[in-house]
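> This is a predicted model, with the sequence first.
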Amino acid sequence: MENFQLNDGLVLPAIGFGTYKLNGSLGVNAITSALYNGYRYLDCAFNYENEGAVGQAIKNSGISRGKIIVASKLPGRHHRYQEAIQTIQESLFRMNLDYLDLYLIHWPDPIQDQYVEAWQALIDAQKFGLVRSIGVSNFLPTHLERLEKETGILPSINQVELHPYFNQEEQRKYDQRHGILTQDWSPLARGRAVTDEKVITNLAAKYNKKPQQIILRWEIQLKTMPIPKSSTNEHQKSNLELFDFQLTDSEVEEINQLTRSNGRNKNQDPAVYEEF
Ligand SMILES: NC(=O)C1=CN([C@@H]2O[C@H](COP(=O)(O)OP(=O)(O)OC[C@H]3O[C@@H](n4cnc5c(N)ncnc54)[C@H](OP(=O)(O)O)[C@@H]3O)[C@@H](O)[C@H]2O)C=CC1
Ligand SMILES: O=C(O)C(=O)[C@@H](O)[C@H](O)C(=O)CO
């Protein structure tokens, strides 16, 4: 599998595993199975209430801690400096880990407008050794510019909604220009009809692949990192089988053409959306 190297040196695999909705013992089993199937990057969040399940799955897998990249996210209600530090410590406690590999600000929540203070807390958490790398999620260029202006430090990652209906061309270019890796949430559009689009089914037939594999391969060729979630062994395995074929530039462009201005899944526009 190919790798990404972040602006602070941390190396990530080309694809990660999403854990939203994987909670409790069923969640532990699904996440353990993902680790057995070869995933080495787990994405979770304080708000998913599954950090305990992620920690348990890591323990159950028997894989050494240093071989797994673990990421979690700070919720909007804890953007104040002291609360942010305590929340990271609570994430570690829930996961039963000594350090996290990545911690992201989950949403900028621009109306509340405390994300620069939260960023200062993440910068310090990295200095304290609580986290190895710090990033953001759902940040627009205007939010990133403020982080740079007020703290001088840019994130290693920006995790944003990205799938064929919303390809994030502008944000991707901005991130790339600033040395920030774009990571794709809901890379399969959360199971929406995008897999039935003619351009996707035609490419699936051409390459003898599943529609989901065509979409994930397209995201990799956009130089972004998808983090698909799956509760089934079969889908987890299939979502990793992406490295024995390559789309042509014009095929990548054909998939890009599926993007539309209202293509977001739930219309969560970070310019106005607030999540606590
Ligand atoms: N930062 C943020 O604001 C956000 C972050 N995220 C992160 O991104 C991750 C991924 O996004 P998510 O919203 O979960 O949606 P995804 O786009 O990953 O889609 C998940 C859905 O696709 C199905 N699926 C997965 N693989 C296959 C396959 N090969 N064939 C058929 N169906 C498949 C799953 O079903 P099944 O389980 O049956 O396989 C599930 O219903 C989340 O889990 C979370 O970690 C998500 C939303 C927002
Ligand atoms: O899943 C996440 O990380 C979120 O940020 C949520 O907003 C999610 O997208 C959702 O749909 C909650 O209803």
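In hand now; what should we look at? Ligands and ions are numbered 1, 2, ... in the order given.
> Please make it C-alpha for all contacts and neighbour counts, starting now.
Fine.
> can you pull the contacts of A205?
Applying C-alpha atoms under 8 Å, 6 or more residues apart in numbering, we find A205 in contact with no residue.
> Tell me the strands beside the lowest-mean-pLDDT helix or strand in the chain, with direction?
Each helix and strand of the chain was given a mean pLDDT (mean pLDDT, DSSP states H and E); the minimum falls on strand 3-5 at a mean of 95. In the sheet, strand 3-5 lines up against strand 11-13 (antiparallel) (DSSP bridges).
> ranges for the strands of the stretch 151-276 of the chain?
Along the stretch 151-276 of the chain, the stretches classed as strands by DSSP state E, counting those that start in this stretch are 157-161, 181-185, 225-226.
> outside of the last one, which residues touch it?
Judged by C-alpha under 8 Å, 6+ apart, the contacts made with strand 225-226 from elsewhere in the structure are A14, I15, G16, L181, T182, Q183, D184, W185, P187, L216, E219, I220.
> Show me what from the chain comes close to ligand 1.
Neighbours of ligand 1 within the chain, by C-alpha under 6 Å from any ligand atom: 18-20, 43-44, 106, 137, 159, 185-191, 212, 227-232, 235, 238-239.
> Buried subset of those, written for ChimeraX?
Only the buried entries of the residues of the chain next to ligand 1 go into this ChimeraX selection, using 16 or more other C-alpha atoms under 10 Å:
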select :18,19,20,43,44,106,137,159,185,186,187,188,189,212,227,228,229,230,231,239
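> Among the residues of the chain next to ligand 1, name the ones in helices.
Q212, H235, S238 (DSSP state H).
> mind listing what T87 touches?
Contacts for T87 (C-alpha under 8 Å, 6+ apart) come out as L74, H78.
> buried sites along the host helix or strand of it?
Assessed by DSSP states H and E, T87 sits inside helix 81-95. Within helix 81-95, the residues that qualify as buried are Y81, A84, I85, T87, I88, Q89, S91, L92, R94, M95, counting by 16+ other C-alpha under 10 Å.
> gap between the fourth one and ligand 1?
When distance is defined by C-alpha to the nearest ligand atom, to the nearest Å, T87 is 17 Å away from ligand 1.
> how near is that residue to A71?
Counting by C-alpha to C-alpha, to the nearest Å, the gap from T87 to A71 is 14 Å.
> ditto for I157
Here the criterion is C-alpha to C-alpha. By it, I157 lies 11 Å from A71.
> Just confirm K73 is within a strand.
Yes. Remark: K73 belongs to a strand, assigned using DSSP: H, G, I helix; E, B strand; the rest coil.
> those helices in the protein, which residues are they?
With helices called from DSSP H, the chain shows them at 24-37, 51-61, 81-95, 115-128, 141-151, 169-177, 198-207, 211-221, 233-238, 249-256.
> Mind giving me the packing neighbours of the second one?
Using 3 or more C-alpha pairs under 8 Å, 6 or more residues apart in numbering; DSSP states H and E as the contact definition, the elements that helix 51-61 packs against are helix 24-37, helix 81-95.
> Right, I'll leave it there.
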